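> Fold the stuff below for me.
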Amino acid sequence: MAKLRISIVQYLNTAPLVRGFTHGPLRGKYDLSFTVPSQCAEALRTGAADVAIIPAIEYQRIASQGIGLTMLPGLAIASQERVRSLLLLSKVPIRQARRIALDRSSRSTQALVKILAARRWQIAPEFFEADPDPGAMLADSDAALVIGDTALRIAVAAETHLSPGPDREWLSTGAAAGVHGLGVLHIYDVVKEWWHLTERPAVLAVWAARNEVISVELAADFLASRDFGLAHLREICAQAAQELHLPESELRLYLEKNIDYTLDDENFQGLLRFFQESQALKLIGPLNPIAIAAGPASVARFIDFASARSRASS
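Next comes the predicted model:
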């Protein structure tokens with residue numbers, strides 16, 4: 001039988017989730033491909049992938065097209081209070097921003113920034129997508145959303161030259177953050193800002209599969225791959241430190257403290273809030289039910305927003 005096709009985001013924060021597939025006992029069982037978040041979602045939508053780590057918001061968007069999707073249980077890329085790899089860099093206090101550039105490879109974080117603009121900062125700026133080049137983005141805007149390893153590199157560089165800003169952001173300089181040619185930078189951690197708004201974690205990405213491939217074995221494999229990765233963080237960070245030219249200790253801090261790889265009840269409540277806020281701003285259409293697959297130690301779940309009830313099924 002042909003191997004199932006898995007589409008994976010090529011960022012450091014995904015590495016623990018797939019370590020069992022790339023370096024562990026599940027190596028070779030699946031056909032793996034690596035890309036940016038928006039393209040993972042596109043691969044799942046078109047059927048080019050059977051399973052993908054997708055921006056959380058894309059679960060609703062793909063389901064709205066009548067494509068049957070199921071989340072794999074217990075798995076997510078989430079964060080509470082501070083993430084460091086999702087940054088809004090601004091040349092002015094964000095409440096004064098009139099034009100914001102958004103990394104075009106992002107989907108969920110674009111939505112988070114739009115929610116924060118409307119609900120927390122109470123601004124209505126012009127948004128536009130751009131390639132992930134912070135200097136070029138800020139040359140043509142007041143603020144820029146930067147994600148992934150690029151944002152993490154900026155955070156690590158800037159953190160040695162930070163001071164608190166008036167709106168609970170951080171102040172640094174372009175030179176300290178590695179974004180040359182700029183003076184003072186206002187740095188907003190998107191997850192921290194979401195926490196200030198909602199007091200909920202942010203669920204940034206989920207594993208989702210097309211309904212026809214769902215099985216308990218599949219869920220068990222993805223859980224096992226994550227657990228293998230979390231047991232081998234030292235090796236992951238040592239390799240990434242060489243590739244990203246960042247201190248291994250900072251990468252360990254990031255993966256151990258800033259990222260949460262579970263979809264526990266607290267994270268799930270954050271996900272529901274994100275969907276509801278997105279729908280209220282018409283970033284997605286009517287809310288579709290959420291299906292979560294059965295796992296080796298859990299039953300399948302179905303969450304219907306219309307009835308606001310969660311029920312278990314065998």
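> from the middle of its chain, how far away would the longest strand seen in the chain be?
In the chain, with assignment by DSSP state E, the single longest strand is strand 202-210. Centroid displacement of strand 202-210 relative to its chain, using CA atoms, centre = their mean, to the nearest Å, is 8 Å.
> For that strand, list the C-alpha coordinates in CSV.
Coordinates of each C-alpha in strand 202-210 appear next as CSV, following Å, rounded to 0.1, in the frame of the first residue of the first chain:
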residue,chain,number,x,y,z
ALA,A,202,-3.2,30.5,21.8
VAL,A,203,-3.4,27.3,19.7
LEU,A,204,-1.4,28.1,16.6
ALA,A,205,-1.5,24.8,14.7
VAL,A,206,-3.1,21.4,14.9
TRP,A,207,-2.5,18.0,13.2
ALA,A,208,-5.5,17.4,10.9
ALA,A,209,-6.2,14.5,8.6
ARG,A,210,-8.7,13.9,5.8
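> That strand - contacts with which helices or strands?
helix 37-46, strand 51-55, helix 56-63, strand 69-71, strand 77-79, helix 108-115, helix 190-198, helix 265-280 (3 or more CB pairs under 8 Å, 6 or more residues apart in numbering; DSSP states H and E). In short, each C-beta sits where N, CA and C put it, glycine included.
> Near residue 72, how many other residues are there?
24 (other CB atoms under 10 Å).
> on that earlier part again, the longest strand of the chain vs strand 51-55, what angle?
Strand 202-210 and strand 51-55 are oriented at 150 degrees to each other (axes from the mean of the first three to the mean of the last three CA atoms, to 10 degrees).
> Specify the angle between strand 202-210 and helix 265-280 in degrees.
Using the same axes, to 10 degrees, the direction of strand 202-210 lies 90 degrees away from that of helix 265-280.
> Pull up the pairing partners for strand 202-210, direction included.
Neighbouring strands of strand 202-210 in its sheet, by DSSP bridges, are strand 51-55 (antiparallel), strand 69-71 (antiparallel), strand 77-79 (antiparallel).
> Run through who's touching the second one.
Meaning strand 69-71. Strand 69-71 has contacts (CB atoms under 8 Å, 6 or more residues apart in numbering) with 44, 59, 62-63, 206-211, 214, 263, 290-293.
> Of the strands paired with strand 202-210, give the one that comes closest to residue 199.
Residue 199 lies closest, by CB to CB, to one member of the strands paired with strand 202-210: strand 77-79, at 13.7 Å.
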